[in-house]
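1. curious how this folds, go ahead:
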Amino acid sequence: MGTKSSPRTCPWTPALFLAVFLMIQAAVSSQRAEKELGDTCSQYECVAYGQICSADYKCICLLGWYQYPNTKQCTVSDPVQSLTATDVTSSDISVSWLPPPTSGTGEVIGYVLRVYNSDDLCLKRRYFLCAGCTQKPELRTNCPSSSETASSLTQEDLNNPAKIISGAMYNIPPYRNLTLTVSAIKNNAEGIEARLPFVTKIGTPRQYTSLEVDPIRDLDANQVHINVSWTPGVYTGPYFTHLDILKKELPSGVFRQEKVIILNEDNRTYLKTNLQAGWDYRVTVMAVIPRQNAENLTGPQFRPWVDVRMPSLPPGQVQLVSVRGDNYNADEMTLSFRCPPEMERNGTLRGFVVRVMVLSVQDNTTPQLQGEFFIPLGKHHREPCSYKVDAADL
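-> Numbering: from 1, shown residues only. Alright, predicted model coming up:
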């Protein structure tokens, strides 16, 4: 009589099923993370988020007890120590630092310097490698301006905790809140950045990029004006705008200063009213640093200018007109007057037109034009204007 066989036990126990499920999930997650990250193993974010690195130096996820085959822990260089600014100008900064206390896996082969603006946007990047090192590091953060600098420091110098290392960044914007960072390079990539906020000094004012002068004729007010507009150059620090208006003198032709207008840096236009019509003017504009900020600044202060001739207007009235007859000669009379005030001449006077009107007192009729003639203004004429008129010619 045969024996009854016992039923077979299913190998898929709950614990085994859970373990297999976790392995599958871990493998899927690892592959997904590797595709999504795609960063080099040496990037410090890999460590910060509990990740590990694959054999080809790609960041992947580490989930609990499961490890992706052939992986190693992602270690990077610590920040450098004692990062200090040794000199700051309007366009440069020099710094010094000590190597990081530990470099993780591998040796430090160089350093990367960056400058960021207040919005954390990288403006410039500069890196150098140890003397004799030829490999090109994989640098994070793209910068519009990047350069490589040769170094005389050996790899031993770069990893000596007591060795003071110096670096500098050049041609950075003046009078800005900026941040300089330094990070060590190892395993062909970067470590954690050390950050140093700083402010560049005030720079020499830059030339304005445009200056426009538009003359205006105001017939209602019988005046002429000019509207001046300009565009400042690159901002280098607090400044005032000096707007100078010069008037041409005759006969020398030399421009003499007539008016200086001091404006703050927010002004971009200015209207100067009631200038002399028909006259030549020169307008200049210049940025001027306040005295308390300008002690250590050197270099030219640019002054662009524009020459303009004002529109003409009818001249104003002559002054103090008087007529008297000659006591001995009935055919002559003397006409006297003063020229219009200078600001009402509206240019260079060429002469005067004299009209003689006949008025009949008896019948009170409308004055009738008796005669008209032109009196030229002589080169050496002096005021008051005085002329003898021959009555016979009228």
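2. neighbours of Val358, how many?
-> Here the number of neighbours of Val358 (other C-beta atoms under 10 Å) works out to 11. Glycine gets a C-beta too; all of them are placed from N, C-alpha and C.
3. in the sheet, who's paired with Ser322?
-> Ser336 (DSSP bridges).
4. tabulate the CA atom coordinates of the helix or strand harbouring Gly371 in PDB.
-> Under DSSP states H and E, the secondary-structure element containing Gly371 is strand 368-376. Extracted in PDB, the C-alpha atoms of strand 368-376 (Å, rounded to 0.1, in the frame of the first residue of the first chain):
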ATOM      1  CA  GLN A 368       0.300 158.200 -44.300                       C
ATOM      2  CA  LEU A 369       3.600 156.700 -45.100                       C
ATOM      3  CA  GLN A 370       5.900 159.500 -46.200                       C
ATOM      4  CA  GLY A 371       9.200 157.600 -46.600                       C
ATOM      5  CA  GLU A 372      11.200 154.500 -45.700                       C
ATOM      6  CA  PHE A 373      14.900 153.900 -45.600                       C
ATOM      7  CA  PHE A 374      17.400 151.400 -44.100                       C
ATOM      8  CA  ILE A 375      20.100 152.300 -41.600                       C
ATOM      9  CA  PRO A 376      22.900 149.700 -41.600                       C
END
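5. just use 25 as the starting number from now, easier for me
-> Okay, using 25 as the starting number, the last item reads as strand 392-400.
6. average model confidence for it?
-> Across strand 392-400, pLDDT averages out at 78.
7. helices or strands up against it?
-> In this structure, strand 392-400 packs against strand 375-382, with contacts taken as 3 or more C-beta pairs under 8 Å, 6 or more residues apart in numbering; DSSP states H and E.
8. could you list the paired strands of the strand it packs on along with their orientation?
-> Paired strands of strand 375-382, with direction, are strand 392-400 (antiparallel) (DSSP bridges).
9. check which residues of the partner strand are buried.
-> Within strand 392-400, no residue counts as buried by 16 or more other C-beta atoms under 10 Å.
10. for stretch 169-185, same thing?
-> 175, 177, 179, 181-183.
11. just the residues contacting it, thanks.
-> Residues outside stretch 169-185 that contact it (C-beta atoms under 8 Å, 6 or more residues apart in numbering) are 105, 122-123, 125, 127, 131-135, 147-157, 163, 187, 189, 208.
12. before we move on, what about stretch 240-251?
-> By C-beta under 8 Å, 6+ apart, stretch 240-251 touches 237-239, 269, 293-301, 305, 307, 332, 334-335, 337-338.
13. just to check, Pro124 is in contact with Ser106?
-> No - counting by C-beta atoms under 8 Å, Pro124 sits too far from Ser106 to count as a contact (10.8 Å).
14. those two: which has the busier surroundings?
-> Legend: neighbour count by other C-beta under 10 Å for Pro124 and Ser106, higher for Pro124 (25 against 9).
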